[in-house]
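Colleague: Provided below are the primary sequence and the corresponding predicted coordinates.
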Amino acid sequence: EAGVTQFPSHSVIEKGQTVTLRCDPISGHDNLYWYRRVMGKEIKFLLHFVKESKQDESGMPNNRFLAERTGGTYSTLKVQPAELEDSGVYFCASSSIFSGGLPRETQYFGPGTRLLVL
Amino acid sequence: QKEVEQDPGPLSVPEGAIVSLNCTYSNSAFQYFMWYRQYSRKGPELLMYTYSSGNKEDGRFTAQVDKSSKYISLFIRDSQPSDSATYLCAMSFIQGGSEKLVFGKGTKLTVNP
C-alpha cells in the first residue's frame, strides 16, 4: 500500500511569489491534515479536512494560505504571496475516519515539502 | 507556557545503552500520548501510542505516561545505531471528530557503534 506522498519535495521561491504544495493521502483515508515545522520550532497543526470539507482550520496562519481538497482525494496548499517567515517543512498526514469505540486512528505522515522563501 | 515541552538534546549514547526521552505537558485535556520517530529527510513515523497512565512495551521500546505529573517518557533498551533519529512526543484529544496533534520540539538521538 502506498503511503502519503507530497510534491514537490523541495521548493525555493522568492518573496511575493506563489507556491502550491500537493498531498496525496493513503487511499481510502477521509481525514487529511496539514502541519508545518518552522526552523527551530515544533511541528504545528494547520488544518484538517474530512473528505472535501474543512473540519478545523484554526492553525492556518493568515489568509495568504489557501487549502483545498476537491473531490475528497488529494489536497493542495497554496501560499500567495509567500513571505520569508513561510519557510519551513510542510507535512501532510492522513488517517481513516474515526469509528465509535476505537481509541483513535493513526495519522500517517508524508515526507514533507521543504519550502524556502528568499 | 508551551503545551508540550521536550528537551531537544542532542543526545549521544554508545550502542547498547538505555535511552530515556521525556516530555512534559500542561493541557489536562490530552487523551492520547504518542512517540514518533523521524529520520533525516523523512516524515514522522508513529512508534507507540497510549491513552492511560502506566507502561506500554513494544520490543525494545517502553512508553510511560504519568497523567498526575503530566509527564511522558520513552525508554529504548539495547539501543542500536539504527535508532539514531529525532524522537518527537505528540499529544492529542479528539473533539468534534477532529484530532490535532500537538508536538514537542523533538530530541535528536545518535547511537554510536
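Modeller: Thanks, I have it. Quantities reported herein were computed from a predicted structural model and do not represent experimental measurements.
Colleague: just give the nearest non-adjacent residue to the closest residue to chain B within chain A, would you?
Modeller: Nearest to chain B in chain A, going by C-beta to the nearest C-beta, is A:Phe109, at a distance of 3.5 Å. Yep, even glycine has a C-beta here, placed from its N, CA and C like the rest. Among residues not flanking A:Phe109 along the chain, B:Gly43 sits closest, at 3.5 Å (C-beta to C-beta, 6 or more residues apart in numbering or on different chains).
Colleague: partners of the helix-or-strand element of chain A with minimal mean pLDDT in the sheet?
Modeller: In chain A, no helix or strand scores lower on mean pLDDT, DSSP states H and E than strand A:53-56, which sits at a mean of 91. Here strand A:53-56 is paired, per DSSP bridges, with strand A:43-50 (antiparallel).
Colleague: tell me which parts of chain B are close to chain A?
Modeller: Taking C-beta under 8 Å from any C-beta of the partner chain as the contact definition, chain B meets chain A at B:2, B:4, B:6, B:32, B:36, B:41-46, B:49, B:51, B:88, B:92, B:94, B:96-106.
Colleague: wait, doesn't the residue nearest to A:Phe109 sit right on A:Thr5?
Modeller: No: if you go by C-beta atoms under 8 Å, B:Gly43 and A:Thr5 don't touch, sitting 10.2 Å apart.
Colleague: up against chain B, what does chain A have?
Modeller: Proximity of chain A to chain B (C-beta under 8 Å from any C-beta) is limited to residues A:4, A:33, A:35, A:41-45, A:48, A:50, A:55-56, A:58-59, A:91, A:93, A:95, A:98, A:103-104, A:106-112.
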